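Trainee: Generate a structure from the sequence data that follows.
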Amino acid sequence: MRLSNSELVSLLKRALEGSGWNNGRFEEAAYAIWWLESRGISWLDDLADVWPRLNRTVVPTPELVKDHTANCVIDASRSSLLHCGPNSVDLAFANACSENLVSVETRHCLDRIMILPGLAVLAKRGASAMARWYSNESLHIASIRAGARYPNYTQYAVPPEQRVNDSSLFLICSLDPDGVNHYCRKMSKLIESHDVVKELLPEHFKLRADESLANGIHVLEESIDILNGAGDRVLVESTEQSRAGAG
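Mentor: Now for the predicted structure:
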């Protein structure tokens with residue numbers, strides 16, 4: 001089924017609010033999911049597996065376990081980056097305002113692909129950034145320069161002898177693009193033996209964004225049913241009291 005951009009954002013907001021997400025948080029999460037879907041990364045295809053852990057009112061609070069302006073560590077306690085991603089992004093930008101190059105490590109977090117819209121937020125604020133994480137025997141690296149609308153995203157196959165079981169997300173941020181570029185060059189030397197599995201350039205993201213605006217976004221009917229079921233909880237039951245003064 002195809003939904004327009006506004007239809008999908010509205011459905012996501014209603015579903016997350018109906019699942020007990022706080023004001024502000026459900027809007028940010030809806031935007032992040034829509035950002036991926038509208039740019040060709042179909043995260044909602046796996047919603048049936050993901051939703052049970054998002055559909056809960058009690059979520060572990062991210063804990064700042066290391067507080068240093070140049071190097072911070074957040075423990076997400078196995079929660080989704082949809083919950084703690086804004087914390088990581090805001091902390092990285094705040095520290096980058098006083099340090100040349102900062103890193104924020106978010107440990108024990110899920111759905112780390114959700115950092116891509118976070119990188120776009122940092123670029124809009126005037127910061128350059130890079131994120132890296134391991135998942136499914138792959139290394140994922142995404143980067144964006146200050147002022148850009150879309151990131152570069154590459155997934156590398158990790159040789160068996162170098163694979164690690166790591167659920168952390170590493171975010172590098174700087175108001176000076178040279179600092180992030182230097183870090184990216186160092187990473188390139190470390191992974192030059194890795195095969196590229198997938199590479200998405202800014203022009204790919206732009207093309208898919210333009211297509212979604214013109215033709216809508218394809219979402220599985222199963223995922224739409226899940227979101228509608230959660231969103232129904234925000235509807236007010238039709239009673240004499242609820243109808244009083246309506247309209």
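
Trainee: can you map out the strands along this structure?
Mentor: For the chain, applying DSSP state E gives strands covering 2-3, 63-66, 71-80, 102-110, 128-135, 138-144, 152-157, 169-174, 195-200, 217-218.

Trainee: Show me the one of these that comes nearest residue 35.
Mentor: Nearest to residue 35, of all the strands of the chain, is strand 217-218, at 11.0 Å by C-beta to C-beta. C-betas here are computed from N, CA, C, even on glycine.

Trainee: Run through who's touching that closest one.
Mentor: 1, 2, 3, 4, 5, 8, 34, 37, 38, 42 (C-beta atoms under 8 Å, 6 or more residues apart in numbering).

Trainee: and the fifth one, how many neighbours does it have?
Mentor: Spelled out, that is residue 5. For residue 5, the count of nearby residues is 15 (other C-beta atoms under 10 Å).

Trainee: these two touch, right, it and residue 38?
Mentor: Yes. The pair residue 5 and residue 38 passes the contact test of C-beta atoms under 8 Å, sitting 6.0 Å apart.

Trainee: Any idea which residue is closest to the centre of this structure?
Mentor: Compute the mean C-alpha point of the chain, and by C-alpha atoms, centre = their mean the closest residue is residue 114, 1.5 Å away.

Trainee: contacting residues for that one?
Mentor: 32, 33, 36, 43, 80, 81, 82, 85.

Trainee: can you rerun that using 6 Å?
Mentor: Counting by C-beta atoms under 6 Å, 6 or more residues apart in numbering, residue 114 makes contact with 32, 81, 82, 85.

Trainee: out of those residues, what pair is the most spread apart?
Mentor: Most distant of the contacts of residue 114, by C-beta to C-beta, are 32 and 81, 8.3 Å apart.

Trainee: Please give me every residue in contact with residue 24.
Mentor: Taking C-beta under 6 Å, 6+ apart as the test, residue 24 contacts no residue whatsoever.

Trainee: Quick check: phi and psi at it.
Mentor: phi 90, psi -50 (degrees, to the nearest 10).

Trainee: Spatially nearest residue to residue 71, not counting backbone neighbours?
Mentor: residue 103 (5.3 Å; C-beta to C-beta, 6 or more residues apart in numbering).

Trainee: How many residues are close by residue 169?
Mentor: 30.

Trainee: Next, the contact list for it, please.
Mentor: So residue 169 contacts 106, 109, 112, 133 (C-beta under 6 Å, 6+ apart).

Trainee: Can you show me the helices along this protein?
Mentor: Secondary structure of the chain (DSSP state H): helices at 5-18, 25-38, 47-54, 81-96, 115-124, 177-190, 202-215, 221-231, 240-243.

Trainee: can you tell which of those is closest to residue 68?
Mentor: helix 81-96 (8.5 Å).

Trainee: Report the buried members of the contacts of strand 217-218.
Mentor: Among these, those scoring as buried are 3, 8, 34, 37, 38 (criterion: 16 or more other C-beta atoms under 10 Å).

Trainee: ok, now which ones touch the third one?
Mentor: Contact criterion C-beta under 6 Å, 6+ apart gives 8, 9 as the residues in contact with residue 34.

Trainee: Tell me the spacing between it and residue 212.
Mentor: With distances taken as C-beta to C-beta, to the nearest Å, residue 34 is found 9 Å from residue 212.
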